[in-house]
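Asks: quick one: sequence and predicted model below, then my questions.
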Amino acid sequence: MAIDLAIVPVAGHGTRLLPSTKSQPKEMLPVGRKPVVQYVVEELASSGMRRILFVTGPGKTSIENHFDINVELISVLRETGKEELLEELEFERKDLQYFYTRQRRQLGLGHAVLCAQPLAGREPVVVALGDSIIGLNAQSDIVRRMTDEFERADADAVIAFETVLREDVVHYGIAKPRVGSNSWSESPTLGEVFVLDDLIEKPAVAEAPSNLAVAARYVFKPAIFDLLAQTPPGKGGEIQLTDAIRLMIQKGGKVLGLQLPASERRFDIGNFESYFQAFVEFALADPRYGPALRDFLRVHLGQEHRPC
Ligand code: G1P
């Protein structure tokens, strides 16, 4: 049976984006014209996912509202002659089923994924972090390529990776690829699959086995849930998904990495620096508003650098 269930953890407080996230989820912040989580869902739908399970927390109900069909809004648009705006609500009609469960205590990403077990049962699942967009305008089928590889190789897990600067490894799960499992050690080849010998959550720079960082998309056999249930709190006192994957490797599981090609960069909406960059890139790429913004920025930046 094709994998069609995606778990989307969205329970985090978004503390690095305060005060914007005081009373709204970071996943609902706009990037260009859409909220972050809409890109994530559209990407998952285009990779064949049909059931989306959000693991939510306090203050996240606007995510549920966003994916509902808003009959009242539709009739207001019709009655006031704004039919052209109905197109903006097309995403509501996607052939998807939404499920919501609450992570009642903030015990970490691993714990959030474990909260999804009752729905997932004994099926393989995709996990897609709700604060990361893959590819400009989410034009990426990375999840489909990952599920294809998962099935082809009969893997226990397939994880997306991106290369990061050496000093940034402290923010990510970092891979120890098996030497010789591809050509990464000589010259990293984007888009390639490699075998993982280990995975370490947010290592110190000196201890990082590579600069290949987990990039917010995973595919798992259901064994991940049993492993998560056995995983003790790790980094930050939280139950880390990375530690459960590590356990999977230690128990002889086949865990593969897939490197994101340059055309499918990860846009991280977890902090202001990368959020601002993502917003500007998406806004500039907008077919309607991008060209005017480009002109505006040209003038604006030109003025800043004009000598007095
Ligand atoms: C989480 C994971 C980490 C991963 C990162 C980006 O960290 O724990 O392994 O590299 O997402 O996908 P967080 O950003 O929640 O601190």
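Replies: Yep, that arrived.

Asks: near the ligand, which residues of the stretch 201-308 of the chain? Just list them.
Replies: Those residues of the stretch 201-308 of the chain that sit near the ligand, judged by Cβ under 6 Å from any ligand atom, are 201, 213-216, 240-242, 270. Any C-beta I mention is one placed from the backbone N, CA and C, and that applies to glycine too.

Asks: JSON lines for those residues, including secondary structure and pLDDT?
Replies: Formatted as JSON lines, those follow (DSSP: H, G, I helix; E, B strand; the rest coil; pLDDT from 0 to 100):
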{"residue": "Glu201", "secondary structure": "strand", "pLDDT": "96"}
{"residue": "Ala213", "secondary structure": "strand", "pLDDT": "96"}
{"residue": "Val214", "secondary structure": "strand", "pLDDT": "97"}
{"residue": "Ala215", "secondary structure": "strand", "pLDDT": "95"}
{"residue": "Ala216", "secondary structure": "strand", "pLDDT": "96"}
{"residue": "Gln240", "secondary structure": "coil", "pLDDT": "96"}
{"residue": "Leu241", "secondary structure": "helix", "pLDDT": "97"}
{"residue": "Thr242", "secondary structure": "helix", "pLDDT": "98"}
{"residue": "Gly270", "secondary structure": "coil", "pLDDT": "90"}
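
Asks: okay, the residues you listed in TSV with neighbour count next?
Replies: Below are those laid out as TSV (neighbours: other Cβ atoms under 10 Å):
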residue	neighbour count
Glu201	21
Ala213	22
Val214	22
Ala215	26
Ala216	24
Gln240	24
Leu241	30
Thr242	23
Gly270	18
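
Asks: looking at the residues you listed, which is nearest Val55?
Replies: Nearest to Val55, judged by Cβ to Cβ, of these is Leu241 at 11.7 Å.

Asks: centre of the chain versus stretch 291-298, how much separation?
Replies: 29 Å (Cα atoms, centre = their mean, to the nearest Å).

Asks: no wait, stretch 124-135
Replies: Chain-centre distance of stretch 124-135: 3 Å, with Cα atoms, centre = their mean.

Asks: pLDDT on it, on average?
Replies: Stretch 124-135 carries an average pLDDT of 95.

Asks: list the buried ones in it?
Replies: Residues 124-135 are the ones in stretch 124-135 that count as buried (16 or more other Cβ atoms under 10 Å).

Asks: narrow those to those in strands?
Replies: Counted as lying in strands by DSSP state E, out of the buried residues of stretch 124-135, are 125-128, 132-134.

Asks: filter the residues you listed down to the ones close to the ligand.
Replies: Filtering those for proximity to the ligand by Cβ under 6 Å from any ligand atom leaves Ser132.

Asks: closest to the ligand among the ones in strands among the buried residues of stretch 124-135?
Replies: Nearest to the ligand out of those is Ser132 (Cβ to the nearest ligand atom; 5.9 Å).

Asks: for beta bridges, what are the partners of that closest one?
Replies: Ser132 has these beta-bridge partners by DSSP bridges: Asp268.

Asks: so Asp198: helix, strand or coil?
Replies: On the three-state scheme (DSSP: H, G, I helix; E, B strand; the rest coil), Asp198 is labelled strand.

Asks: let me see the contact set for Lys26.
Replies: Contact analysis of Lys26 by Cβ atoms under 8 Å, 6 or more residues apart in numbering lists 12, 14, 17, 20, 36, 131, 269-270.
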